[in-house]
Structures are given as structure tokens and as C-alpha cells.
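Trainee: Any chance you could fold what I've pasted below:
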Amino acid sequence: MLKFLKKNRFTIAAAATGLVLIAIIIGFHSIDSAKNAEVTEYIESLGWQIEPNSLEISHMRIPSTFDPVFEHYNERQKEAGFDLTAYKGARAVRYSYIILNHTHSESATVRANAIVVNRKIVAADVSSTAGGGFMHAITDTDFIVR
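Mentor: Numbering: from 1, shown residues only. Predicted structure coming up:
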């Protein structure tokens, strides 16, 4: 047995490393899946209908100093019960989904965006860049087609 292990130690080490890497990848995927489910649940709890396969994830950093544009964005967040002031400089993940029941969904792609820091939703908005674009608080549900 010792001779077998000695002879095949590189193969065994490579296989063990591969198994560890697979476990890490599966672990990260399950974390994202769990957070995706939580974010989706939050958005839908407000009455927004989202396209199930429209998830887009991007990594970002919240600015350390807010310029006037980001100050305006944070004011919209405060309307929704969020405040990014405590997260200045933090690394974040933005989850974006296509909204199906916004009053502008027929004429433009409208997205629900949620910003997550340390597995906590710290900001969320509804926006579109089509035709001049717009952005409003995710809790502003006056735009939901009922």
C-alpha cells in the first residue's frame, strides 16, 4: 500500500486538489443561489413581477465619498428605508432583474436592482436607461401595472 501511495502521490494530490476546488465552487454557487432567492423574495414582496431567468450579478464598490449624483441616489434609497452612508467604500454585489409589470415595461427594459454588502440588502431601486432613463425607489409601487 505504501509503495502504491508513493508511486501515485502526484495523481492523488491532483485529484484531492480538484475535489477541493469543486467543493469551493459549489459552495460559492449555493451562497449566490441563497442570496438570489432572498433578493427575489424581497422584490416580489413589494409587488414587482420579475423575469425568472434575467438575473445579472455584478461586483462593485460603493464610493468612499459621495458625489452629487450618488448623494441623489442615496436620497432615493432613504425614501425606501435604506441609507448607504454606513457602507462608504464597501465592496458590494448588485443583483439585477428585468421587471415585467412596470408601467414602462412595454416600451423599455426596466430593471429591479438590489445592492448587497456582507449578505445584507443595503439598497434597491428600479431603473431604465432607455429613452432618457429613469430611476426611482423600489418601494415606489405606483408604477406597478395591476
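
Trainee: Show residues contacting the host helix or strand of A114.
Mentor: According to DSSP states H and E, A114 maps onto strand 111-117. Contact with strand 111-117 is made by 35, 39, 42-43, 48, 50, 60, 62, 84, 87, 90-99, 121-128, 138, as judged by C-beta atoms under 8 Å, 6 or more residues apart in numbering. Glycine gets a C-beta too; all of them are placed from N, C-alpha and C.

Trainee: center of the protein - which residue?
Mentor: Y95 (2.1 Å; C-alpha atoms, centre = their mean).

Trainee: Pairing partners for the one helix or strand that one maps to, with directions?
Mentor: Per DSSP H and E, Y95 falls inside strand 91-98. The strands that strand 91-98 pairs with in its sheet are strand 56-61 (antiparallel), strand 111-117 (antiparallel) (by DSSP bridges).

Trainee: what would those strands look like in a markdown table with distance to S105 and mean neighbour count?
Mentor: Conversion of the strands paired with strand 91-98 to a markdown table gives the following (distance: least, C-beta to C-beta, whole Å; neighbours: other C-beta atoms under 10 Å):
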| stretch | distance to S105 | mean neighbour count |
| --- | --- | --- |
| strand 56-61 | 17 | 11 |
| strand 111-117 | 10 | 21 |
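
Trainee: Which among those is found nearest to E71?
Mentor: Closest to E71 of the strands paired with strand 91-98 is strand 111-117 (C-beta to C-beta; 15.8 Å).

Trainee: could I have stretch 76-93 exported to CSV, CA atoms only?
Mentor: Once non-C-alpha atoms are left out, stretch 76-93 reads as follows in CSV (Å, rounded to 0.1, in the frame of the first residue of the first chain):
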residue,chain,number,x,y,z
ARG,A,76,-33.8,57.8,-3.2
GLN,A,77,-32.5,55.0,-1.0
LYS,A,78,-33.5,56.8,2.2
GLU,A,79,-37.1,57.0,0.7
ALA,A,80,-37.1,53.2,0.5
GLY,A,81,-35.8,52.8,4.1
PHE,A,82,-32.1,52.3,3.1
ASP,A,83,-29.1,54.5,3.7
LEU,A,84,-25.7,53.8,2.1
THR,A,85,-23.8,56.3,4.3
ALA,A,86,-22.5,53.5,6.6
TYR,A,87,-21.3,51.5,3.6
LYS,A,88,-19.0,54.1,2.0
GLY,A,89,-16.0,52.3,0.5
ALA,A,90,-17.5,48.8,0.9
ARG,A,91,-17.4,46.1,-1.7
ALA,A,92,-20.8,45.1,-2.8
VAL,A,93,-22.7,42.9,-5.2
